[in-house]
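Chemist: Make a model of this:
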Amino acid sequence: MTDIVIQVGDEQFNARLTDDRAPDTVREILNALPIESVARQWGDEIYFEIPVDVGEENAQATVGKGDLGSWPAGNCFCIFYGKTPMSTSEDEIVPASPVNVVGTVENPDGFKSHSAGETVVVKLAD
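Modeler: Below is the predicted model of the structure:
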């Protein structure tokens, strides 16, 4: 487990990368840190491009609120904080296509006040 900070605009969120489900993906993300990108939005999901090119690794078709994922189809990092356009509830969030689950974020509801176009920085926690 590795503690990270995700900054969206001027707000910081504590998060944790865990390598129990996608260890190769987590290692590639850690090697790429710090990452700075621009947020995109799909329902209650913020996602952004990262310089990591990995295939599916125990990829999941559904995720939970607060999960962090790597989306192999788009080389993106995903933050799931509610329903996507394909979801029927916040209890079973459906990504556009399967993601490698790489961790969780604290206070996922805090992302509801953010939107596409904001700068996102992912870095190791101090």
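
Chemist: Test my guess that residue 66 contacts residue 80.
Modeler: Yes: in this structure, residue 66 is within contact of residue 80 by Cβ atoms under 8 Å, at 6.9 Å. Placement of C-beta: from N, CA and C, glycine included.

Chemist: Next, show the common contact partners of the two.
Modeler: Listed as contacting both residue 66 and residue 80 by Cβ atoms under 8 Å, 6 or more residues apart in numbering are residue 108.

Chemist: Compare those two (neighbour count), which wins?
Modeler: residue 80 (31 against 20; other Cβ atoms under 10 Å).

Chemist: Show me what that one is bridged to.
Modeler: residue 45 (DSSP bridges).

Chemist: Give me the distance between it and residue 43.
Modeler: To residue 43, residue 80 is 9 Å away according to Cβ to Cβ, to the nearest Å.

Chemist: which residue ranges form the helices in this protein?
Modeler: For the chain, the helices defined by DSSP state H occupy 23-32.

Chemist: okay, stretch 104-112 in PDB with CA atoms only?
Modeler: Provided in PDB are the C-alpha atoms of stretch 104-112 (Å, rounded to 0.1, in the frame of the first residue of the first chain):
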ATOM      1  CA  THR A 104      -9.300   4.000  -3.100                       C
ATOM      2  CA  VAL A 105      -9.800   7.600  -2.300                       C
ATOM      3  CA  GLU A 106     -11.100   9.200   1.000                       C
ATOM      4  CA  ASN A 107     -14.200  11.400   0.800                       C
ATOM      5  CA  PRO A 108     -15.200  10.500  -2.800                       C
ATOM      6  CA  ASP A 109     -18.300  12.900  -2.400                       C
ATOM      7  CA  GLY A 110     -15.800  15.800  -2.400                       C
ATOM      8  CA  PHE A 111     -15.300  15.200  -6.100                       C
ATOM      9  CA  LYS A 112     -18.900  16.200  -6.900                       C
END
